[in-house]
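S.K.: Curious how this folds, go ahead:
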Amino acid sequence: MTLAPPLLDLFGEPLRLPTRRERQRVATRRSGPAPRAPGVPRTLPLPLLPLLRPQPELPAPEPPAEPPGSPALPPTLAALLERHPGLWRGQALGRGPARCWPSGHALLDAELPGGGWPSRGLTELLIGPQPGHVEWRLLAPALPRLLQGGRRLLLIDPPHEPHPQGLAAWGLGVGDCLWVQAREPAQRQWALEQALRADADELGAILAWLQAPRPAALRRLQTLAAACRAPVFICHAAAGAALHSAAPLRLRVLPGPHWAQLRVELLKRRGPPLDEPLWLHAPPPTLRAVLPIPQPLAAVRARQLEAAG
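M.R.: Coordinates of the predicted model:
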């Protein structure tokens with residue numbers, strides 16, 4: 001009996017027959033599902049099944065309509081928002097619910113929110129170089145109107161003792177002023193806070209001179225001044241202009257190149273910034289009667305009044 005030669009593979013090696021387990025594994029693979037490519041789902045989703053059949057040609061879709069704009073407000077609501085004192089646009093001067101008093105300077109009133117000195121708020125005046133001069137020239141035209149009806153002007157630690165003849169030149173009497181002398185910074189702060197808390201009916205205006213007030217102190221004063229019916233002015237050196245202040249109105253007041261002028265810079269207000277300073281005609285009353293105003297300056301003053309309307 002002769003044996004059959006062994007089966008050889010392509011390389012001349014004896015060919016090994018597969019075992020039963022390997023034959024079962026191959027049979028299981030053949031009877032299972034076909035292998036899927038990566039990322040292809042096992043079954044097609046239902047929305048894609050109709051695409052397998054030829055679809056009739058559909059008409060081209062119409063272009064989408066333009067999105068509608070913001071809904072228009074009712075006329076009554078729009079008018080109400082326009083008149084609301086707590087709302088204002090950034091490009092316009094703000095309006096407050098409190099009363100404003102004309103400053104006596106037409107150019108300044110045109111740039112102040114409300115058209116004058118505000119009440120229920122703090123007005124910060126940064127003065128230089130010497131206190132006790134430019135602030136009186138700026139505020140004096142409005143004081144007689146503020147002190148009508150027997151009201152008084154409260155002065156907290158002025159740099160100079162009030163002089164009867166000097167007050168009379170501004171149209172004020174000695175009985176129109178209350179003078180509080182407080183040399184220490186803490187005493188000035190305390191006196192001003194007590195006056196703001198009292199909010200007395202006889203006070204027409206408050207004018208206080210402080211020494212380098214801190215931002216925290218200004219925030220406290222602004223909170224108290226928001227409930228005071230009289231205009232509140234605080235004066236300190238112009239070197240503090242770089243410090244943060246909670247006062248809604250800040251002005252830097254300096255003497256002008258001519259004795260009859262004041263240079264006023266609006267550092268902060270409810271409205272757009274004012275890049276150019278204002279040149280106000282504010283001569284001291286004691287010099288106005290003896291020193292004539294030069295003709296060019298008078299012409300500039302007339303043009304300014306015409307521009308202010």
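S.K.: any idea how far Ala230 is from Arg99?
M.R.: As defined by Cβ to Cβ, to the nearest Å, Arg99 lies at a distance of 10 Å from Ala230. (Each C-beta comes from the backbone N, C-alpha and C, glycine too.)
S.K.: hey, what's in contact with both of those two?
M.R.: Jointly contacting Arg99 and Ala230 under the rule Cβ atoms under 8 Å, 6 or more residues apart in numbering are Ser119.
S.K.: In terms of helices and strands, where is Leu107?
M.R.: Using DSSP states H and E, Leu107 maps to helix 106-109.
S.K.: Give me the contact list for the helix or strand just after that helix.
M.R.: Downstream of helix 106-109, the next assigned helix or strand under DSSP H and E is strand 117-118. For strand 117-118, the external contacting residues (Cβ under 8 Å, 6+ apart) are 96, 98-103, 112, 123, 139, 142, 231, 233, 248-249.
S.K.: The next helix or strand after strand 117-118 packs against which elements?
M.R.: From strand 117-118 onward toward the C-terminus, using DSSP H and E, the following helix or strand is strand 122-127. Counting contacts by 3 or more Cβ pairs under 8 Å, 6 or more residues apart in numbering; DSSP states H and E, strand 122-127 packs against helix 134-139, helix 215-225, strand 232-237, strand 249-255.
S.K.: Which one of the contacts of strand 117-118 sits in the busiest neighbourhood?
M.R.: Neighbour counts for the contacts of strand 117-118 peak at Pro231, which has 29 neighbours (criterion: other Cβ atoms under 10 Å).
S.K.: coming back round to it: go through the contacts of strand 117-118 and name the one nearest Trp190.
M.R.: Nearest to Trp190, judged by Cβ to Cβ, of the contacts of strand 117-118 is Phe233 at 18.0 Å.
S.K.: For the nearest residue to Pro185 once chain neighbours are set aside, which three-state class applies?
M.R.: Nearest residue to Pro185, sequence neighbours excluded (Cβ to Cβ, 6 or more residues apart in numbering): Gln211, at 5.1 Å. Three-state call for Gln211 (DSSP: H, G, I helix; E, B strand; the rest coil): coil.
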